[in-house]
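Peer 1: quick check, what structure comes out for this input:
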Amino acid sequence: MDKADEIRARADRAPPPAPRDPVRARLPFPGGEAAVDASFARTTMQFVVAIGTVATLYLAREVLIPLALAGLLSFALAPAVQRMRRLGVPRPAAVLAVVSLAFVAILGFALVIGLQFANLANNLPRYERNVDTKIERVIAMTQSNEFASRMMRFLRGARAETPRAAPAPAPPTPASPAEADAPAPAAPPPAPVPVQVEPPPPTPLDTARNVLGPLIDPLTAAGVVILFVFVMLLNREDLRERLIRLAGVHDLQRTTEALDEAAQRVTRYLLAQLLVNVVYAVPLTIGLYFVGVPNPLLWGMFMMVFRFVPYVGPVAGAVLPLALAIAVEPGWTTFIWAASLILVLELVVNNVIEPIFYGATTGLSAMAIILAAIFWTWLWGAVGLLLSTPLTVCAVVIGRHVPQLRFLDVLLGNRPVLAPAQRFYQRALAGDSADATEQAEAYLEEKSIEALHAEVTLPALALAEADRARGVLDQQRRIGVAAVVAEMLFNLLEYDGDPPARDASPPPPAATRVLCAGGRGDLDDAAAAVIADLLRRRGVAVRTASFEALTPAELARLDLEEPGIACIAYLNSDSALHARYLVRRLRRRLPDVKVVIALCGGRDASAEAIAAVGADAVTTDLTATLAAVTGEERAPAERPEEPAHAA
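Peer 2: Residues are numbered from 1 along each chain as shown. Next up is the predicted model:
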């Protein structure tokens with residue numbers, strides 16, 4: 001058997017190749033299968049890491065919760081320690097003094113709340129008659145509603161059910177003579193004597209164990225938190241260096257910046273929250289005192305603590321004082337005044353005080369705060385709800401500085417993730433002209449109408465043109481985007497903001513008419529309409545035409561009314577050949593017209609392409625286009641910086 005027969009026989013014995021994935025086989029780029037495998041492995045690894053992190057946070061919560069509380073308190077107390085250090089106090093003495101004062105204040109705060117609760121518990125039986133009176137009135141009002149009547153009767157009966165003692169046996173009556181002569185009935189067997197084992201009286205050790213037993217766990221947790229806080233404040237710089245070493249010393253600047261930003265944001269948030277809660281609690285206490293709600297100091301302190309919990313805290317803190325306001329008198333006056341007081345304070349604090357104190361201290365979106373509260377409550381319970389905002393702030397800061405965790409900043413942060421032009425284009429794709437106009441009006445509060453079109457409208461149209469060139473934007477969507485731009489321009493006709501500064505060069509006289517038209521499509525027509533809008537605001541006589549009117553068949557029938565300048569807008573910077581033929585047609589139709597080709601696509605065309613157009617002027621930004629039409633000498637405008645997350 002020759003060599004060829006041996007190779008064929010080895011091939012016949014070899015196993016058949018595995019079938020190729022049809023999806024991977026259609027990948028248009030080289031190495032597609034390897035890229036898909038690497039992406040799948042990376043996604044799987046990230047998912048496993050996320051699941052492992054959540055499991056670790058849940059299983060190690062007994063250790064992590066005191067550590068997180070200690071970190072939160074150390075962030076809040078660090079400014080006081082630093083201030084004492086500037087006064088020359090040694091670090092150990094400063095840390096000991098600050099921690100001692102803080103925990104004495106917390107203990108005193110808890111003691112006052114406990115005494116107030118004890119006083120309230122002693123006075124609660126006095127309000128029972130008022131509650132019964134209100135229930136009776138509600139029952140009388142709901143007699144016509146069968147369901148409500150049954151419910152109120154059920155509540156009244158359930159409340160009235162209390163264990164009662166068995167009635168005492170009646171004394172025996174004296175027997176008559178006949179009954180005395182009758183034979184006595186047989187005596188019943190004696191009833192069994194109940195036996196009850198009485199435990200021995202508790203010793204002092206048992207009493208101490210019963211009293212201190214429930215307090216052991218909270219006192220132990222408090223001691224661990226105090227120890228952690230003391231160690232964190234005492235070795236603050238050393239802990240920071242160790243965290244930097246764990247994160248990697250190859251980028252000290254980024255790691256240091258991330259740690260400093262997280263500490264500053266959490267510290268500012270806690271101090272701002274404390275100030276806001278104090279501002280809320282003081283008038284609440286005074287108001288409840290004059291309204292007539294018992295123990296107003298308790299409810300002011302109660303609300304000051306509960307407001308640290310986002311969203312749920314203010315609602316939960318208002319339930320008890322309002323319930324007490326219902327029970328304190330037979331009528332409803334106290335309840336109405338107390339509810340009105342809390343409602344007014346909430347409106348003032350939420351809309352006036354919090355924006356002043358908070359600003360952008362947390363860097364979290366409203367949705368992120370809600371999701372964080374749900375997640376950390378599910379993970380760590382009530383303590384997780386209290387720590388949800390500070391922990392999420394730290395996660396967002398890490399996401400801003402670690403590229404692999406950038407999704408945390410995108411999902412939870414409050415910074416815009418799209419550039420203004422991208423947001424406008426998204427609204428235009430959705431056909432939401434009202435929202436697009438609202439976005440433009442918000443932009444005009446800070447910048448001029450020319451800046452709006454140069455930095456938002458034309459770049460958004462350039463994005464649409466790029467999608468059209470890639471074949472992902474059909475004709476219906478293109479027409480819709482152009483229609484949104486046209487409606488936005490119409491809605492802003494009454495805008496009379498400050499006009500842009502001009503040089504000494506005068507605009508063309510009113511007799512010089514300007515024709516603005518698109519070069520190749522509906523999007524170019526929208527860009528030409530933007531240029532025409534700005535020219536009209538400068539007092540220039542402008543007429544617009546569609547790109548279809550400049551085709552060879554339609555140009556001969558177009559009534560141009562002898563314009564002096566023709567401004568043709570192109571969003572595709574590679575349209576130099578098309579522009580050259582269009583310039584020839586215009587010159588053949590109007591030999592004396594001045595032709596300005598405006599390439600509005602957001603990128604500069606090559607010098608060779610511009611020279612091949614043959615127009616009187618070829619511009620690549622809006623400022624230069626307006627200057628070429630009006631004859632002004634103006635420097636081109638600077639392009640705005642895109643946000644960090646702009647795609």
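Peer 1: what ranges do the helices span in the stretch 451-600 of the chain?
Peer 2: Using DSSP state H, counting those that start in this stretch, the helices found in the stretch 451-600 of the chain span residues 458-470, 475-491, 522-537, 552-555, 576-589.
Peer 1: mind giving me the packing neighbours of the fourth one?
Peer 2: Which is helix 552-555. The contact analysis (3 or more CB pairs under 8 Å, 6 or more residues apart in numbering; DSSP states H and E) places helix 552-555 against helix 576-589. Where C-beta positions appear, they are placed from N, C-alpha and C, glycine not excepted.
Peer 1: check the third one too.
Peer 2: When contacts are defined as 3+ CB pairs under 8 Å, 6+ apart, helix 522-537 sits against helix 449-452, helix 458-470, helix 475-491, strand 514-518, strand 542-545, strand 565-570, helix 622-630.
Peer 1: change it to 6 Å
Peer 2: The contact analysis (3 or more CB pairs under 6 Å, 6 or more residues apart in numbering; DSSP states H and E) places helix 522-537 against helix 458-470, helix 475-491, strand 514-518, strand 542-545, strand 565-570.
Peer 1: could you dump the ones you listed into JSON lines and include mean pLDDT, distance to residue 221 and mean neighbour count?
Peer 2: Formatted as JSON lines, the helices and strands packed on helix 522-537 follow (pLDDT from 0 to 100; distance: least, CB to CB, whole Å; neighbours: other CB atoms under 10 Å):
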{"stretch": "helix 458-470", "mean pLDDT": "87", "distance to residue 221": "55", "mean neighbour count": "21"}
{"stretch": "helix 475-491", "mean pLDDT": "87", "distance to residue 221": "58", "mean neighbour count": "18"}
{"stretch": "strand 514-518", "mean pLDDT": "87", "distance to residue 221": "71", "mean neighbour count": "26"}
{"stretch": "strand 542-545", "mean pLDDT": "85", "distance to residue 221": "73", "mean neighbour count": "19"}
{"stretch": "strand 565-570", "mean pLDDT": "87", "distance to residue 221": "69", "mean neighbour count": "28"}
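Peer 1: switch these over to JSON lines; also include distance to residue 81.
Peer 2: Shown next, in JSON lines, are these (distance: least, CB to CB, whole Å):
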{"stretch": "helix 458-470", "distance to residue 81": "49"}
{"stretch": "helix 475-491", "distance to residue 81": "55"}
{"stretch": "strand 514-518", "distance to residue 81": "66"}
{"stretch": "strand 542-545", "distance to residue 81": "67"}
{"stretch": "strand 565-570", "distance to residue 81": "63"}
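Peer 1: about what we covered before: in TSV: the helices of the stretch 451-600 of the chain, plus distance to residue 444.
Peer 2: Shown next, in TSV, are the helices of the stretch 451-600 of the chain (distance: least, CB to CB, whole Å):
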stretch	distance to residue 444
helix 458-470	15
helix 475-491	11
helix 522-537	13
helix 552-555	36
helix 576-589	32
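Peer 1: among the ones you listed, which comes closest to residue 346?
Peer 2: Closest to residue 346 of the helices of the stretch 451-600 of the chain is helix 475-491 (CB to CB; 35.8 Å).
Peer 1: so which elements touch that closest one?
Peer 2: Packing contacts for helix 475-491, counted by 3+ CB pairs under 6 Å, 6+ apart, involve helix 433-444, helix 522-537.
Peer 1: return the most buried member of those helices.
Peer 2: helix 522-537 (a mean of 24; mean count of other CB atoms under 10 Å).
Peer 1: give me the nearest residue to residue 270, chain neighbours excluded.
Peer 2: Excluding its sequence neighbours, the residue lying closest to residue 270 (CB to CB, 6 or more residues apart in numbering) is residue 76, at 4.6 Å.
Peer 1: that neighbour in helix, strand or coil?
Peer 2: What DSSP: H, G, I helix; E, B strand; the rest coil gives for residue 76 is helix.
Peer 1: hmm, it is touching residue 272, no?
Peer 2: No - taking contacts as CB atoms under 6 Å, residue 76 lies outside contact range of residue 272: 11.1 Å.
Peer 1: on that earlier part again, ranking the helices and strands packed on helix 475-491 by mean pLDDT, which is last?
Peer 2: For those, the weakest mean pLDDT is recorded on helix 433-444, namely a mean of 84.
Peer 1: between helix 475-491 and it, find me the angle.
Peer 2: 50 degrees (axes from the mean of the first three to the mean of the last three CA atoms, to 10 degrees).
Peer 1: closest one to residue 294 among the helices and strands packed on helix 522-537?
Peer 2: helix 475-491 (57.2 Å).
Peer 1: what lies in contact with the closest one?
Peer 2: 428, 431, 433, 436, 437, 440, 464, 522, 523, 526, 533 (CB atoms under 6 Å, 6 or more residues apart in numbering).
Peer 1: kindly reformat those as TSV containing distance to residue 614.
Peer 2: Shown next, in TSV, are the contacts of helix 475-491 (distance: CB to CB, whole Å):
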residue	distance to residue 614
428	33
431	39
433	38
436	36
437	39
440	36
464	28
522	26
523	24
526	25
533	28
